[in-house]
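Visitor: kindly generate the corresponding structure for this input.
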Amino acid sequence: MGPCKARNTRKLRSWMVEQVTSGRYPGLVWDDDEQTMFRIPWKHAGKQDFRSDEDAAIFKAWAEFKGKMTDESRNEPAIWKTRLRCALNKSLEFEEVAERAQLDISEPFKVYRLVPDSEQGLTGNEELTAKRAGGKSRRRTKRRATESSEEDEELPEKQMKEESVTAPLSVEEILSRGEATLQVEGGNQQIFISQGSGILEEFQLDFRIETNPPPSVAEEDSFHVAVSYSGHEVLSREVQGKDVRITYHTPSPLPPTPAPLMGGFPRIFLPEAPAGLQGGRDLVQLLPCMEKGVVLTSNHTGVYLRRYCRGRVYWIGPHAAAPPETPNKIQRDAEPVLIFSKEAFRQELEAYQQQGGDPPRCDVTLCFGEELVTTDDQSQKLILVKITFPWAEKQVQTLKTMMASFSFLQSLTSQSPTGEITINLVPVEEVF
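Guide: Residues are numbered from 1 along each chain as shown. The predicted model follows:
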C-alpha cells in the first residue's frame, strides 16, 4: 500500500485564518507583520497551571466546528489538541516552523506558516526527493523529527485490527545507528526517522484503528466440553449450537441413538470409568445418578444451566454471585441459572483493554456428586466438567494480539536514543 497524500483542506485554512484574526483565543496571534505565520498556544494538559477554557480554547473550537465533540471527549482537552494537530500536520497548506517555537516558557506556543499554493502538492516520494536535494521540504521533515516528548498526547486507546511494516532495516537497527528522533503519524502514513538535519531512514506503516466488531450470534453459539475423572481427562468435544445436554447413558446391547435424532440438540455422553482409575468404584455408583444430566443453553444475555439429574451439581465461574469459598449448587428442576454473563464478559474485556491485568475468564467448571469451591483441589473430584466458550476465547486472543502490537509501538520510546516518540492513532472511516 502506497503512502497517502496529504489533503488540501481549504476549509481548515480559511477557518484558522478567521480564528487568528478574530483575537478571541488567548495566545493565538500572528507571528509576523505579513500575516504568513501564526502562533498557537501549546501548553501541556498535564501542567498544574493548565487552564482548559483558555489554553485549549482553539482546540475545542476545532472539535466543535468539525462535529467531533462527543460525550466521551467533552472534557478531554488532549483529544481536542490531537485532532487539530493531526489536521495541521496532514494539510499541505500548513508547515510548522520549529525554530520559532517556544515550548519551555510559562506560556508555550508553536508557530505554523501558511504555505503558498506554489509550494503545495508534493507527494510523499517527491517530498523525500526534494529533501535529499536540499529543497523546501527540509523544514517540514525537521518539524516532524523534532517534536518534544512533553507534548505527546494520544487519542483514547483503540484496538489495532491490522498492522504491516516493510522496511529496508528493522526499527531497532535504524534507531541503533545513533542519535535519532522518531515520529509516527496515524492512518496510512509514513514514519520519518531523522538524524541531525537529514532523514536517516523511511519506511511504511499501515494502521487500521477501529473497535473490534462484536461476534455474530452464530459465533456465540458454541461450547467446548472437557470431562475429567479423578484428574484424568476422559473426553473433549466442541459443540456448535445454542444447547447441549451432558448426560450418562446406561450401558445396553444397543448403541445410544445419534444426537440429531434425540430431541433436536447435541448430547455429550459421560464415558464409563476407565479400569484401574482411582475412585473407580465410587465413580461407577455416581454415574447412573447423572442419567438425565444437565442442559446448557446460550442466548443473548449469557449461558444458562438447568439440572435434571438426581446427582448433585455444583459450579464455579467468573460470574458466580456467591463468595469463592461458598459452594454454588444447582437445584434439581429449578429455573435455569445464569453461569456466564455476556454483558459482564464484555465489561471485563473492556477493562482488560484499558487497564491491563489478567484477561477475562472464558470458562465454567461443573462438579457432579460433590461440593466444589474455588480453593478445592480439582484433581481429587470424581467427575469434573470444564466448559469453555470458543467465541469468548477468540475475542480475548484477538485483543491480546492487538495489545501486543500496541506495546511494540510503545517500546519504541525506550529504544529511541533520544527517548522521543509521537504516535497519533487516527480511526479509519468505515467502508460499506
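
Visitor: where do the helices sit along the protein?
Guide: Secondary structure of the chain, counting by DSSP state H: helices at 10-22, 52-55, 57-65, 77-90, 124-132, 138-145, 171-175, 280-286, 342-355, 390-415.

Visitor: give me the phi and psi for the closest residue to Phe269 other than its chain neighbours.
Guide: Closest residue to Phe269 apart from its sequence neighbours, by C-beta to C-beta, 6 or more residues apart in numbering: His249 at 4.8 Å. (C-beta placed from N, C-alpha, C; glycine too.) Backbone dihedrals for His249, given as degrees, to the nearest 10, come out at phi -110, psi 120.

Visitor: count of residues packed around His249?
Guide: Using other C-beta atoms under 10 Å, His249 has 17 other residues around it.

Visitor: how is the protein carved up into domains?
Guide: 10-212+401-424, 222-388 (automatic domain parsing).

Visitor: out of those domains, which gets the lowest mean score?
Guide: Lowest mean pLDDT of the domains of the chain: domain 10-212+401-424, a mean of 66.

Visitor: just give the closest residue to Met403, not the sequence neighbours.
Guide: What sits nearest to Met403 in space, not counting adjacent residues and going by C-beta to C-beta, 6+ apart, is Gln353, at 7.0 Å.

Visitor: Asp348 is in contact with Ser341, isn't it?
Guide: Not Asp; residue 348 is Glu. No: counting by C-beta atoms under 8 Å, Glu348 stays clear of Ser341, with 9.5 Å between them.

Visitor: when these two are compared, which one has more neighbours?
Guide: Glu348 (21 against 16).

Visitor: find the nearest non-adjacent residue to Tyr308, please.
Guide: Lys292 is the one closest to Tyr308 (C-beta to C-beta, 6+ apart), at 3.9 Å.

Visitor: any idea how many residues pack against the one you found?
Guide: For Lys292, using other C-beta under 10 Å, the count is 16.

Visitor: let me see the backbone angles for it.
Guide: phi -90, psi -10.

Visitor: how close does it sit to Pro360?
Guide: As defined by C-beta to C-beta, to the nearest Å, Lys292 lies at a distance of 32 Å from Pro360.

Visitor: now do Ser91
Guide: Counting by C-beta to C-beta, the gap from Ser91 to Pro360 is 42 Å.

Visitor: now the residue nearest to Tyr308: how far from Arg332?
Guide: For Lys292, the distance to Arg332 (C-beta to C-beta) stands at 9 Å.

Visitor: got the contact list for the residue nearest to Tyr308?
Guide: By C-beta atoms under 8 Å, 6 or more residues apart in numbering, the contact set of Lys292 is Thr247, Tyr308, Cys309, Arg310.

Visitor: narrow those to those in strands?
Guide: In strands, defined here by DSSP state E, the members of those are Thr247.

Visitor: please convert the buried members of the contacts of Lys292 into ChimeraX selection syntax.
Guide: Here is the ChimeraX command that selects the buried residues among the contacts of Lys292 (16 or more other C-beta atoms under 10 Å):
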select :247,309
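
Visitor: CSV for the contacts of Lys292, including distance to Arg113?
Guide: Formatted as CSV, those follow (distance: C-beta to C-beta, whole Å):
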residue, distance to Arg113
Thr247, 77
Tyr308, 77
Cys309, 78
Arg310, 83
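
Visitor: ok, the contacts of Lys292 vs His300, which is closest?
Guide: Tyr308 (23.8 Å; C-beta to C-beta).

Visitor: was I right about that closest one contacting Met290?
Guide: No: the pair Tyr308 / Met290 is not scored as a contact, 9.6 Å apart, by C-beta under 8 Å.

Visitor: list residues touching both of those two?
Guide: Common neighbours of Tyr308 and Met290, using C-beta under 8 Å, 6+ apart, do not exist here.

Visitor: can you get me a residue count around the closest residue to Glu272 other than its chain neighbours?
Guide: Nearest non-adjacent residue to Glu272, counting by C-beta to C-beta, 6+ apart: Pro251, 7.0 Å away. Pro251 has 8 neighbours, counted by other C-beta under 10 Å.

Visitor: pretty sure Pro251 sits against Leu270.
Guide: No: the criterion here is C-beta under 8 Å, and Pro251 misses it with Leu270 at 11.7 Å.

Visitor: Leu235 - how many residues pack around it?
Guide: For Leu235, the count of nearby residues is 15 (other C-beta under 10 Å).

Visitor: sorry, wrong one. I was asking about Ile58.
Guide: A count of nearby residues for Ile58, using other C-beta under 10 Å, gives 21.
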